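Trainee: below is the structure, and that's it, no one-letter string:
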């Protein structure tokens, strides 16, 4: 159980770092999506299914699309 | 006779939800909705005033007694601030009637209505998380309104404001989390009771986080980077609303925090010092500004610095002076902003130099501006004098002579730059090519109301002070507040 | 314990993005990271070892078996507020891009810090 | 009309599966929800309507399920072996597979089935041609690819959906 | 340089935050003297909702939820105001493939049903109005992604939005008129763990679900229309 | 028994995450995200079994249904259809 | 009876989890996007379905919900990977191949011409 938690944390932090580091904004948004996914599993492990459900419902589709539209509308690469 | 105070928040939300269908029926009607609803709020607050002065009015929501449910606590302080907010909101709503013609104007009125409702909720609620929610309502509507006009750089100012505001809400949430984890409650009165048993390291951290968060709304020194841009780029009435509504709610939250919830003596000195630094830096910046509205924005920050000094003194008379200063600022700064808006509009330029001779072209408008400038400087018969006098004398009486001297110095700088503008208005020849038009009556009515209130408050300061005394007492003696909230459940 | 570390790292990474990055979309992404971090932190404050979610779905569960429901309720509100702020921020970004044709805050004169 | 009734029934079954409860109040609310949604989306949801409920089609569906599951397991073992093999014996390419299916649902079912089975992935469907990414190409002309990839499914799907 | 200062600053903040939060022990019983315990003990009898998080969100702290709905409404309105343009722009250059279109057509009603299930059962299972609304909006998102010319009717959306929001406030005002205070429960509580229980909670959540669904859909549509 | 499952799933998560970090193209990352989502769905159901709460698997249901919407969005962006 | 179901469930879950691992391994090892998708869709879909149905067998009263989840995964996963493959191809990502077998290239060009004409 703890091992799983540590794995999740490593992925979480790697995803967050990738969000900040990546020059390609689409990749950054996908990394943000991974962070949201792992956060949702975290809430689940913390016995908060309500919050996990909310994070899932919002983080999977809606936040991604809002960012993608913005990127589509502006520019893909970070200058 | 007053109705249930919860209507003051429920009705604006209800009206805001109904504005889109109403706009489809008739666009012309929408702009009267905020006037009506905020007018109702104003009526409520005036009617509540005699009750709340005696004993805080507690309104439970969803039938759960305070520690369990959310409650509205309308003590003297909350009542007076809500009154100020409703008054400013009402005046600005009148001004708005003929101001906003750009599409989609029904959204503008809706956002403005919710801005006022959020600020009212912030000063009335007795629950710290609920306060956060209302803070978010206020700030999100402010972000949208700042960016509302297309022909200026509102979007940049809004983005900057949004960034700082989001960081603020992060800090507030962290602070609330710490408080909840250690005291097990979110009701402000109960937190105030239990905070004594909390590990002081945690309590201080929570205090720092919360003061940082709310300090951003209250334009405290290192955190006020958003203010000049937002004030100057937002539509004129919104700039006025920032000064009269948003900042007032932020200061209320700050005062509630340091006086009622937490009980650290050290924080008062911190606020005193933050106040004087805010004041000096703002006044120094204001004198260098070339744009009229930016100058007013920095002046507004300076005024809030003075309020913070007064709150940092933590003496009865000092707090009274601070509240009086807040009242004055809430009345005068919108007056200045609203008149400056039309001055800028008619001169076709934001710069102070282009205001030359507007006094001859637009005498009434310039008179309002000059009147506001004199009032905020504190020329003796006007209201600004009394508040400044009280604060400075109280600062000296408490032995902070250096701070008093610095504050006085700040006031002198303030006098210089205001008089410079007023001088240009009256003693310079007007420019060529002004496209002067008729000023809408609604705008003049709005400015007239503010000017008359300022005049009355200046001539009879006791008329206002009668109500400020219980409010100051409420801040300094938290037992009444706590007892009345926690007794509501029994 | 490890939740605290993860959450605070997320908050710090987010603040780093907000402070250092020049691209506005990146900054907004940083804000969402901060939001996730704060949410994890608050929920983990309500967690109690060995207890389950506060839902009385079967009759054998009692109040003693459950974690604190209040932080979860607060986080629900916080998540929705975060989404609202993100959406608004991105529409402001679109407006700025339309006006200046760049996303770099250094190239936009008015955004001096 | 029959489309709406069909949609209503399908939605109602889904509601019951979501709630996994047969209490009258749940069923009542489910019926209302299914009715409302069927009213708005019934037209697009199905092409065949109640015609999908003939005995013949149901029998074919069941048989098809077994065939499909067997193919799927073969597919996965195949892919797993390729992944585990240190040399990775793959020879990928995109081939063209003709199909005789007409309706869109049938094409969807065929494409999904192909995607889920041996080393093949539907990249696109244009007209009556499927473009398939094949992990180990053994044939390129349409007839052979049809035999090797989709012939198994197509006869069942044709029975079920057309 | 700026990075170095930022990292130092962050290290400073991080150290103090972490050391403070470590003083709050993780995973131990901390609710004993707080409101959390009261909710846990009495919530089931007082509100009749099996899901205590829901009963806190909608009943005990229902005012927060009203504020939260308003925040979302504000964001949608603000976006509408910011991205307002007189001429409608056409969407999407490239058509989706037939597979995606057919799949979306079939999945769309099922996703809507799932959303309806989540917000109708908010008081029994995890989930509620916001989650249900977000799921419904995702269903519409699927349609937007698949069909180039899929349009939602803005008049209907805004009507749903306004009426659902008004229903929430009206339920609150009914509580004021017939009960003791704003948002007070005025309906019988019913038997726990059945659909018709928990008084006004399901009603409010249905209203919230419609409102959030309509709002998020309108928000997506507004944003998508800006893409040329 | 169930701990072994968690261990294997953790390993799978790591492998997918490594592909996610390595990239190199956006599509690779999206494939990795899709895989992560599917694995997480399975993990959530297993955790529901571990905690012995039936209602928990509603979360997995949401991931099962909505997981592909995010991927579809990015795919549509890549092919220029957004 | 319950025991048999339970054993069956555990077996199914074990296979499912194993296939999840293979899928993840495939994602890591395969040389290009399309081959990774092969592994990613097939192995993980079967793995997830196996795991979830296995849990449904271990706890028979969960069976219907797990069935629904599996159904959705079976329906939606191939669609998303198809869309992704198409998107990748059209965004210009080349295949890794030993021999040049690409029937799709011509079709893409034709369809794009049609789109422009339309």
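Mentor: Done, it's in. A quick note: this is a predicted structure, and the numbers were derived from the prediction, not measured. Residues are numbered from 1 along each chain as shown, chains lettered A, B, ... in the order given.
Trainee: run through chain C and note the low-pLDDT ranges.
Mentor: Regions of chain C meeting the criterion pLDDT under 70 cover residues C:109-113.
Trainee: run through the residues that contact the residue nearest the centre of it.
Mentor: The centroid of chain C falls nearest to residue C:35 when counting by CA atoms, centre = their mean (1.0 Å). By CB atoms under 8 Å, 6 or more residues apart in numbering or on different chains, the residues touching residue C:35 are B:170, C:14, C:78-79, C:82, C:86. All C-beta spots, glycine's among them, are computed from the backbone N, C-alpha and C.
Trainee: burial count for the nearest residue to residue B:475 once chain neighbours are set aside?
Mentor: Counting by CB to CB, 6 or more residues apart in numbering or on different chains, residue B:259 is the residue found nearest to residue B:475 once chain neighbours are left out, at 4.4 Å. Other residues lying near residue B:259 total 23 when counted by other CB atoms under 10 Å in any protein chain shown.
Trainee: can you give me the helices for the chain?
Mentor: Picked chain A for this. Taking DSSP state H, the helices of chain A run over residues A:2-21, A:25-45, A:49-57, A:63-73.
Trainee: chain G was what I was after
Mentor: With DSSP H as the criterion, chain G has helices at G:2-29, G:33-58, G:63-90, G:104-117.
Trainee: next: chain C.
Mentor: Under DSSP H, chain C gives helices at C:2-20, C:24-45, C:69-100.
Trainee: also chain D?
Mentor: D:2-19, D:24-45, D:55-84, D:104-115, D:142-145, D:151-161.
Trainee: mind telling me what element the residue in chain F that chain D sits nearest to is part of?
Mentor: As assessed by CB to the nearest CB, chain D sits closest to residue F:61 within chain F, at 7.8 Å. Take DSSP states H and E as the rule and residue F:61 turns out to sit in helix F:57-78.
Trainee: now do that helix against helix A:49-57, angle only.
Mentor: Angle of helix F:57-78 versus helix A:49-57, following axes from the mean of the first three to the mean of the last three CA atoms, to 10 degrees, is 20 degrees.
Trainee: show me what helix F:57-78 is packed against.
Mentor: helix A:25-45, helix A:49-57, helix A:63-73, helix E:98-120, helix E:129-146, helix F:26-51, helix G:63-90 (3 or more CB pairs under 8 Å, 6 or more residues apart in numbering or on different chains; DSSP states H and E).
Trainee: and the third one with helix C:69-100, angle?
Mentor: Meaning helix A:63-73. 10 degrees.
Trainee: how far away from the center of its chain is helix A:63-73?
Mentor: Relative to its chain's centre, helix A:63-73 lies at 14 Å (CA atoms, centre = their mean, to the nearest Å).
Trainee: repeat that for the longest one.
Mentor: Averaged C-alpha coordinates place helix G:63-90 at 7 Å from its chain's average position (CA atoms, centre = their mean).
Trainee: briefly note if it comes near chain F.
Mentor: Yes. Contact of helix G:63-90 with chain F (CB under 8 Å from any CB of the partner chain) involves G:65-66, G:68-70, G:72-73, G:76-77, G:79-81, G:83-84, G:86-88, G:90.
Trainee: before we move on, what about stretch E:107-127?
Mentor: Yes. Stretch E:107-127 is in contact with chain F by CB under 8 Å from any CB, via E:107, E:110-111, E:114, E:118, E:124-127.
Trainee: just the closest of those to residue F:30, please.
Mentor: residue E:107 (19.2 Å; CB to CB).
Trainee: tell me the contacts of that closest one?
Mentor: Applying CB under 8 Å, 6+ apart to residue E:107 gives the contacts E:139, E:142, F:65, G:75-76.
Trainee: at 10 Å instead, please
Mentor: D:45, E:114, E:139, E:142-143, E:146, F:65-66, F:68-69, G:72, G:75-76, G:79 (CB atoms under 10 Å, 6 or more residues apart in numbering or on different chains).
Trainee: least confident of those residues?
Mentor: Of all the contacts of residue E:107, residue D:45 has the smallest pLDDT value, namely 75.
Trainee: where's the nearest residue to that one once chain neighbours are set aside relative to residue D:13, distance?
Mentor: The shortest distance from residue D:45 to any non-neighbouring residue, by CB to CB, 6+ apart, is to residue D:7 (4.5 Å). Residue D:7 is 11 Å from residue D:13, where distance means CB to CB, to the nearest Å.
Trainee: between those two, point out the one with more neighbours.
Mentor: residue D:7 (25 against 13).
Trainee: wait, the more buried one touches residue D:34, no?
Mentor: Yes. Judged on CB atoms under 10 Å, residue D:7 makes contact with residue D:34 at a distance of 8.1 Å.
Trainee: let me see the contact set for the residue of the stretch 51-200 of chain B found nearest chain E.
Mentor: The stretch 51-200 of chain B approaches chain E most closely through residue B:184 (2.0 Å), counting by CB to the nearest CB. If you count contacts by CB under 10 Å, 6+ apart, residue B:184 has them with B:67, B:190-191, B:194, C:68, C:70, E:30-38.
Trainee: repeat that for 6 Å
Mentor: By CB atoms under 6 Å, 6 or more residues apart in numbering or on different chains, the contact list for residue B:184 reads E:33-34.
Trainee: the one 5 residues further on now?
Mentor: The neighbours of residue B:189, taking CB under 6 Å, 6+ apart as the test, are B:482, B:485-486.
Trainee: quick one on the thing from earlier: and chain B, which of the helices of chain A is closest to it?
Mentor: That would be, of the helices of chain A and by CB to the nearest CB, helix A:63-73, which comes in at 12.8 Å.
Trainee: rounded mean pLDDT for that closest one, please.
Mentor: Mean predicted confidence for helix A:63-73 is 87.
Trainee: looks like residue G:90 contacts residue F:76 (just checking).
Mentor: No. Contact between residue G:90 and residue F:76 fails when scored by CB atoms under 6 Å: they sit 10.4 Å apart.
Trainee: okay, those two: which has more neighbours?
Mentor: The neighbour count for residue G:90 versus residue F:76, taken as other CB under 10 Å, is higher for residue F:76 (25 against 20).
Trainee: doesn't residue F:68 make contact with the more buried one?
Mentor: No. The pair residue F:76 and residue F:68 fails to qualify as a contact (CB under 6 Å) at a distance of 11.8 Å.
Trainee: can you pull the pLDDT of the spatially most central residue of chain G?
Mentor: The residue lying closest to the centre of chain G (CA atoms, centre = their mean) is residue G:41, at 1.7 Å. The model reports residue G:41 with a pLDDT of 75.
Trainee: so what's it closest to, chain neighbours aside?
Mentor: That would be residue G:81: by CB to CB, 6+ apart, it lies 4.2 Å from residue G:41.
Trainee: equivalent analysis for residue F:22, please.
Mentor: Spatial nearest neighbour of residue F:22, chain neighbours left out: residue F:28 (7.5 Å); criterion: CB to CB, 6+ apart.
Trainee: if we can go back for a sec, any chance of the helices of chain D in TSV, plus distance to residue G:56?
Mentor: Listed next are these as TSV, based on distance: least, CB to CB, whole Å:
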stretch	distance to residue G:56
helix D:2-19	12
helix D:24-45	20
helix D:55-84	15
helix D:104-115	22
helix D:142-145	37
helix D:151-161	25
